[in-house]
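S.K.: Have a look at this prediction, sequence included:
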Amino acid sequence: MRSRPTHRLALCVIGASLCSAARIWAVEPLPSEEGTRRQPGEPLPPTASPTGFDFGSYGRVGVGSDGRGHSGYSTNVVSHGSRLEEAPYLELDFYYARTIGNDPDKRWRIVLIPAFAGGDLFHYSGAFTQHIAIRDAYAETQNLGLDGLRLWAGSRQYRGDDIYLFDYWPLDNLNTVGAGASYQRKKTEVKLHMGLNRLDDLYQYETLDTPPRGLGPPGTATVLDRPRFVASLKVTQLFGGVSGAKVSLYGELHLLPSGESIDPTTMMKTQLPDDNGWVVGAQLGGWLRPFVFANLWLRVAGGLAAYGELTVPTHLDPMRRVASALEVVGAFSGNYESKWLGIQLGAFVRRFNDADPINYNPSSYTEGILAARPHLYWSQYFHTAVEVSYQARRTDGTDFVAGRVLTPQVFRLSALPLVAPLGRGTYSRPQIYLIYTLSVMNDDARIALYDPQDFRYGQNVVHYIGTGVEWWFNSSYR
């Protein structure tokens, strides 16, 4: 009986919130700059944004079988392979914006994006275990103090253009808590960002249990706490308009302070020296009209940056640093559209040198992938996509299971009959599809991917039969 007033109060609060949101929409129903996903190669978006509350989402959900009674699975042997069998990922994008001083050109905006990532959905596993993360939580101002100036602070995914077929950002893709600024004047944009990142790993953070002090409970002592400082700078110059080109120059700086870790069993201390990393890169893009574009990237990263800001280095050098680690990436993406045909293209070659200086290091490798996905538009809403790809990887050292150097290779062919309620276009979403993928792997691929006890270890030909959906709307945040 006592719970009824609480329920009534909750209903009143929910009702008031919905009414408030309705009033916001009714008063200021301005169009959103996030209306459709901006594609690689298109001009930078205008600085206008909606006022009031706005909502968007990105999501993908798929399920499949291998045709042998098991769940379907991916066969990628490169670090960024085909996205067709990716795990479910869901984002809810919330925006709230207002003008500053009644000037329609000056605005502030809050961006909040919770996301589900990793693991199985409830209807597949029957478990209520969720993997929820806050992907973005920041505030920004637009044109405050200077036309074309944006200032922001908070927690943010900080990205440029991607290769859609691989779900891969080959030049700039950072995740930090920090602040940044961008300035756009005519066809030139400069973006500066600085932030911190501290992984929950003994490489950067460690606590030890401590006994009770006096009558108090047991506690913890922080013995290692060394967040990574990351700064980035990007300069983009546009040429032309509806058809045109752009050139971007990009750089990053990574700094990690020194620290001291303690073995909880022996209590022996290990000194961890400071470390650093860097990135230099460039992008050249061009477009003939919307959704007809091509992009080329070159990225060179050293030290900490060669591993990325969300990855702990696999090995350290004798000085317990990673200064000798090196990554070199060359990448390409393209898209073409006509009334009856569209085609997406993607490719990259990547060389990675691990920090461990030993000869024939199996953690050092060269990899690459080439993929094409043509779309045939049978009608406005019914299409068929076919994806063809080839990927390979070669390590420098001997695999401990095979006893030799491995060169895994995979050829993949996928067919996707699909329904697109918004009509023609390789980027038209939502997209509801059936999928069949045939993967042909050499022996090195299955040895590299699976343990000998894994039921997948003996399969050189792999089938994936399934269905899926992908959508996005109002989710083109940068």
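M.R.: Ah, there it is. Residues are numbered from 1 along each chain as shown.
S.K.: wait, doesn't residue 55 sit right on residue 96?
M.R.: No - using C-beta atoms under 8 Å, residue 55 is not in contact with residue 96; the gap is 9.9 Å. Where you see a C-beta, it was placed from the backbone N, CA and C, and this is true even at glycine.
S.K.: And those two? Which one has more around it.
M.R.: Using other C-beta atoms under 10 Å, the more surrounded residue of residue 55 and residue 96 is residue 96, with 18 against 15.
S.K.: Is the more buried one bridged to anything, and to what?
M.R.: Using DSSP bridges, the bridge partners assigned to residue 96 are residue 53, residue 110.
S.K.: Double-check it against residue 139; I have them as touching.
M.R.: No - the criterion here is C-beta under 8 Å, and residue 96 misses it with residue 139 at 9.5 Å.
S.K.: Give me the common contacts of the two.
M.R.: The overlap between the contact sets of residue 96 and residue 139 (C-beta atoms under 8 Å, 6 or more residues apart in numbering) consists of 109, 110.
S.K.: Contacts only, for residue 145.
M.R.: By C-beta under 8 Å, 6+ apart, residue 145 lies in contact with nothing.
S.K.: For the closest residue to residue 397 other than its chain neighbours, list the residues it contacts.
M.R.: Leaving aside its sequence neighbours, residue 397 sits nearest to residue 362 (C-beta to C-beta, 6 or more residues apart in numbering; 3.3 Å). Listed by C-beta under 8 Å, 6+ apart, the contact partners of residue 362 are 395, 396, 397, 398, 399, 400.
S.K.: Now list the buried members of these.
M.R.: For the contacts of residue 362, a burial check counting by 16 or more other C-beta atoms under 10 Å picks out 395, 396, 397.
S.K.: what's the pLDDT at the first one?
M.R.: Spelled out, it's residue 395. Looking at residue 395, its pLDDT reads 95.
S.K.: residue contacts, it?
M.R.: 362, 363, 364, 365, 405, 406.
S.K.: Return the members of those classed as buried.
M.R.: Buried among the contacts of residue 395 by 16+ other C-beta under 10 Å: 362, 363, 364, 365, 406.
S.K.: Turn these into TSV, including secondary structure, distance to residue 466 and pLDDT.
M.R.: TSV is the format used below for the buried ones among the contacts of residue 395 (DSSP: H, G, I helix; E, B strand; the rest coil; distance: C-beta to C-beta, whole Å; pLDDT from 0 to 100):
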residue	secondary structure	distance to residue 466	pLDDT
362	coil	33	91
363	coil	33	92
364	coil	35	95
365	strand	30	97
406	coil	28	95
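S.K.: of all the residues you listed, which comes closest to residue 449?
M.R.: residue 406 (10.2 Å; C-beta to C-beta).
S.K.: coming back round to it: can you list the buried ones among the contacts of residue 395 in JSON lines and add distance to residue 429?
M.R.: Shown next, in JSON lines, are those (distance: C-beta to C-beta, whole Å):
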{"residue": "362", "distance to residue 429": "40"}
{"residue": "363", "distance to residue 429": "38"}
{"residue": "364", "distance to residue 429": "38"}
{"residue": "365", "distance to residue 429": "34"}
{"residue": "406", "distance to residue 429": "38"}
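S.K.: Next, the contact list for residue 465, please.
M.R.: So residue 465 contacts 64, 65, 66, 67, 72, 435, 436 (C-beta under 8 Å, 6+ apart).
S.K.: Let me know the distance separating it from residue 435.
M.R.: Separation of residue 465 from residue 435 (C-beta to C-beta, to the nearest Å) stands at 7 Å.
S.K.: hey, what's in contact with both of the two?
M.R.: The contact lists of residue 465 and residue 435 share residue 64, where a contact means C-beta under 8 Å, 6+ apart.
S.K.: Need the nearest residue in space to residue 176, chain neighbours excluded.
M.R.: Using C-beta to C-beta, 6+ apart, the nearest residue to residue 176 is residue 195, at 2.9 Å.
S.K.: which SSE is that neighbour in?
M.R.: Using DSSP states H and E, residue 195 sits in strand 188-197.
S.K.: quick check: mean pLDDT across that strand?
M.R.: Strand 188-197 shows a mean pLDDT of 97.
S.K.: circling back to that earlier point, now, of the contacts of residue 465, which are buried?
M.R.: Among those, those classed as buried by 16+ other C-beta under 10 Å are 64, 66, 72, 435.
S.K.: so can I have a markdown table of those residues showing secondary structure and distance to residue 472?
M.R.: Listed next are the buried ones among the contacts of residue 465 as a markdown table, based on DSSP: H, G, I helix; E, B strand; the rest coil; distance: C-beta to C-beta, whole Å:
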| residue | secondary structure | distance to residue 472 |
| --- | --- | --- |
| 64 | strand | 22 |
| 66 | coil | 28 |
| 72 | coil | 23 |
| 435 | strand | 19 |
